[in-house]
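# what follows is a predicted structure for the sequence shown.
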Amino acid sequence: MPNDYYATEEHRFEIITGPNMSGKTTYIRAIALLQIMAQMGCFVPAEYAAFPLIHNIFARVTTDDSIESNLSTFSVEMREMAFILR
């Protein structure tokens, strides 16, 4: 199933949400991989693709909790998102 992804200078930040096992991780990884492939000059399997040069790709994709710090998965996710947004 094709996925559309739209990003411009004004709209280049996305928050991907959804229920468990809905394909969020696959979608995020595909976008990151396509961006890296395009920046390297590789073929990108798309009808149309125009990627800007970027310096960083940040993604939070995990379900780990931190028992040592007494943090739930949600708390760890909020802490990592705060780091990414800074």
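Good, I have the coordinates. Bear in mind the structure is a predicted one, so any value in this text is a computation, not a measurement. Numbers count the residues shown, from 1 in each chain.

# can you spell out the domain ranges of this structure, please?
As given by automatic domain parsing, the domain ranges for the chain are 1-54, 56-86.

# with mean pLDDT added, can I get the ones you listed in JSON lines?
Below are the domains of the chain laid out as JSON lines (pLDDT from 0 to 100):
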{"stretch": "domain 1-54", "mean pLDDT": "81"}
{"stretch": "domain 56-86", "mean pLDDT": "74"}
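
# hey, which helix is longest across the protein?
In the chain, with assignment by DSSP state H, the single longest helix is helix 24-40.

# hmm, who's touching it?
3, 5, 16-18, 43-44, 46, 49, 51, 53-54, 57, 59, 61 (CB atoms under 8 Å, 6 or more residues apart in numbering). For the C-beta atoms, the positions are set from N, CA and C on the backbone; glycine is no exception.

# quick one on the thing from earlier: for the domains of the chain, give me CSV that also has mean neighbour count.
Supplementary listing: the domains of the chain in CSV, determined by neighbours: other CB atoms under 10 Å:
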stretch, mean neighbour count
domain 1-54, 11
domain 56-86, 11
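
# now do the SS call for the most far-flung residue of the chain relative to its centre.
Farthest-out residue of the chain from its mean C-alpha position, per CA atoms, centre = their mean: residue 68, at 27.0 Å. Three-state call for residue 68 (DSSP: H, G, I helix; E, B strand; the rest coil): coil.

# cool, residue 79 as well?
For residue 79, the assignment made with three-state DSSP gives helix.

# how much space between the nearest residue to it once chain neighbours are set aside and residue 13?
Nearest non-adjacent residue to residue 79, counting by CB to CB, 6 or more residues apart in numbering: residue 71, 7.2 Å away. According to CB to CB, to the nearest Å, residue 71 stands 25 Å off from residue 13.
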